[in-house]
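J.: My questions are about this predicted structure, shown below with the sequence.
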Amino acid sequence: MFRPKYPEAPTPTTVHTPAPAVQHSQAPACSCQHAPAAAPAQQTSWLGPSARTVGAVLAVGVVVTALLAAVVVTAISVAVAAVVMRSLLTGQRHH
């Protein structure tokens, strides 16, 4: 129900595929059953742990800097509004 529906890939109609190459294999020297060699482990990402750590620190730094900038802008705007209100109220008392 919640699984995405992927479009089906179009199937090519006029594709010429070459004939598969014939592979020659030698008969084993002994009749024992050998396990196939394990494939080397593939790395899931080209980034190492240190690069991921640096990326995470940079991302957190950007977010914290943006939050601090928002706090500074808010504080300045509140201070300006307070000065304007004070000057308006002080001006009314003298008249």
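T.: The structure has been received and is ready for your questions.
J.: burial of residue 55, as a residue count?
T.: 11 (other CB atoms under 10 Å). Yep, even glycine has a C-beta here, placed from its N, CA and C like the rest.
J.: what about it, which helix or strand?
T.: helix 49-94 (DSSP states H and E).
J.: low-confidence ranges in the protein?
T.: Regions of the chain meeting the criterion pLDDT under 70 cover residues 1, 12-32, 34-48, 94-95.
J.: let's see 80
T.: Scanning the chain with the threshold set as pLDDT under 80 gives 1-7, 9-49, 91-95.
J.: Only alpha carbons, please: show stretch 58-70 as PDB.
T.: The C-alpha coordinates for stretch 58-70 follow below in PDB (Å, rounded to 0.1, in the frame of the first residue of the first chain):
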ATOM      1  CA  LEU A  58      30.800  21.200   9.100                       C
ATOM      2  CA  ALA A  59      27.100  20.600   8.800                       C
ATOM      3  CA  VAL A  60      26.600  21.100  12.500                       C
ATOM      4  CA  GLY A  61      28.700  24.200  12.400                       C
ATOM      5  CA  VAL A  62      26.700  25.700   9.600                       C
ATOM      6  CA  VAL A  63      23.400  25.100  11.500                       C
ATOM      7  CA  VAL A  64      24.700  26.500  14.800                       C
ATOM      8  CA  THR A  65      26.100  29.600  13.000                       C
ATOM      9  CA  ALA A  66      22.700  30.200  11.300                       C
ATOM     10  CA  LEU A  67      20.900  29.800  14.600                       C
ATOM     11  CA  LEU A  68      23.300  32.300  16.300                       C
ATOM     12  CA  ALA A  69      22.800  34.700  13.400                       C
ATOM     13  CA  ALA A  70      19.100  34.500  13.800                       C
END
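J.: residues of it that come out buried?
T.: By 16 or more other CB atoms under 10 Å, stretch 58-70 has no buried positions at all.
J.: who touches that stretch?
T.: By CB atoms under 8 Å, 6 or more residues apart in numbering, no residue outside stretch 58-70 reaches it.
J.: Use 42 as the first number from now on
T.: Happy to do that; since the first residue is 42 now, the last one works out to stretch 99-111.
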